[in-house]
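Colleague: Please work out how this folds:
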Amino acid sequence: MECDFYTRFAPNIDIPLVKMYNVTEMNKDSPGALLMESMVGSADSNPLPVGATKEMAYNIATHLATLYKYFLCLPQEQWVGKYTHNSIASFCRKDQFFKYFEKVKEMKPEAFSKAFETFESYLCSTKFYSYVMTTVYKDIGLPVVLTHGDMWTNNLLWKKNPDGSLSNELAVFLDWQISHEGCLTNDIARYMCICMDGDVRREHEFEVLRFMYDRILRLMKEEGKSVDFTFEQMKQGYQANFIGQAVQMMLLASFLFIGKSWTDEEKPIKLAQREKVLLRTQFAMEDAIRYFEDIPKDRVE
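Modeller: Sure thing, here's the model as predicted:
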């Protein structure tokens with residue numbers, strides 16, 4: 001998929017992307033390769049424990065609107081049906097990852113016992129993730145777009161200020177290998193759920209979402225086209241997508257902070273970072289439990 005994105009679509013989309021010098025697709029004789037420019041020194045990632053700013057979220061939303069406008073205008077026969085698989089939906093295999101969901105409950109039972117109880121039967125369910133993160137758009141009446149699929153800290157590089165600090169301006173989107181057809185709110189839901197602290201997200205998430213909706217409308221109008229979905233439909237999609245992202249964040253918070261290899265010097269720092277991420281996860285799960293009340297259970301069971 002990533003090779004397809006860089007060769008078929010990237011040259012036509014005005015969003016921050018790394019320059020590619022060579023794209024070699026994987027086949028039976030070759031593992032495949034991407035030769036790209038180095039961003040060392042000019043850009044960096046925003047570490048997960050450091051919450052994203054509202055300005056970062058608006059910047060992401062700006063570029064996502066441009067991305068989705070392209071696919072809303074691209075004739076569907078050129079791409080729809082070719083990129084239907086969402087690999088993140090089938091990522092949480094029970095034999096490998098259920099223990100990490102249990103671990104996060106053990107870390108803070110007062111914060112995650114209700115969340116674990118609510119979602120226990122769905123934690124490793126491909127059907128659950130496929131619906132709330134991908135195909136829910138069909139029931140809501142949203143159009144299909146090509147989504148990035150893994151919009152979080154590790155796949156985003158930010159431009160640096162003259163003093164070396166990170167700016168609020170995105171340098172590049174990275175890692176398009178799990179891009180798939182899906183819901184146009186899933187990427188922004190993943191970003192704001194995983195990367196923004198709960199207080200900042202709750203204050204600004206629907207303002208950011210409204211900004212993205214309005215920008216899509218404006219970009220489509222510039223192309224002489226209109227959209228047939230409302231902001232309320234987009235909000236409904238966001239809340240459904242958010243459920244899956246929040247549940248997977250429980251796994252992420254546990255998996256990334258196991259602590260087996262921490263040195264004595266690292267331990268107090270890592271524990272403090274873990275507390276920040278766990279609090280972010282707690283607020284996300286509180287909202288996910290509420291949103292889940294509106295999901296038809298026959299779609300996920």
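Colleague: Ignoring the adjacent residues along the chain, who's closest to residue 219?
Modeller: Nearest non-adjacent residue to residue 219, counting by CB to CB, 6 or more residues apart in numbering: residue 69, 4.1 Å away. Every residue, glycine included, has its C-beta placed from N, CA and C.
Colleague: so residue 264, which of the three states?
Modeller: With DSSP: H, G, I helix; E, B strand; the rest coil as the basis, residue 264 sits in coil.
Colleague: and whichever helix or strand residue 242 is part of, what's its mean pLDDT?
Modeller: Here residue 242, judged by DSSP states H and E, is contained in helix 231-255. Helix 231-255 shows a mean pLDDT of 96.
Colleague: and what of stretch 3-11?
Modeller: Stretch 3-11 comes out with an average pLDDT of 91.
Colleague: neighbouring contacts of it?
Modeller: With CB atoms under 8 Å, 6 or more residues apart in numbering as the contact definition, stretch 3-11 has outside contacts at 17, 20, 23-26, 32, 34, 70, 83, 146, 176, 179.
Colleague: Flag the least confident of those residues.
Modeller: On pLDDT alone, residue 26 ranks lowest of the contacts of stretch 3-11, at 75.
Colleague: For it, which non-adjacent residue is spatially closest?
Modeller: Residue 26 sits nearest to residue 32 (CB to CB, 6+ apart), 3.2 Å away.
Colleague: Quick check: phi and psi on the one you found?
Modeller: Per-residue torsions, residue 32: phi 80, psi 160 (degrees, to the nearest 10).
Colleague: check contacts around residue 161.
Modeller: Residue 161 makes contacts with residue 167, as judged by CB under 8 Å, 6+ apart.
Colleague: likewise residue 12?
Modeller: When contacts are taken as CB under 8 Å, 6+ apart, residue 12 is in contact with residue 70.
Colleague: Please report how far it lies from residue 5.
Modeller: Distance, residue 12 to residue 5, by CB to CB, to the nearest Å: 11 Å.
Colleague: now the helices: where do they sit in the stretch 1-150 of the chain?
Modeller: According to DSSP state H, counting those that start in this stretch, the stretch 1-150 of the chain carries its helices in the segments 2-4, 54-73, 94-107, 109-119, 126-130, 136-140.
Colleague: that older thread, any idea how far residue 129 is from the residue nearest to residue 26?
Modeller: Applying CB to CB, the value for residue 32 to residue 129 is 26 Å.
Colleague: out of those two, which sits in the more crowded spot?
Modeller: Legend: neighbour count by other CB atoms under 10 Å for residue 32 and residue 129, higher for residue 129 (24 against 11).
Colleague: my read: the more buried one touches residue 93, true?
Modeller: No. Counting by CB atoms under 8 Å, residue 129 sits too far from residue 93 to count as a contact (11.6 Å).
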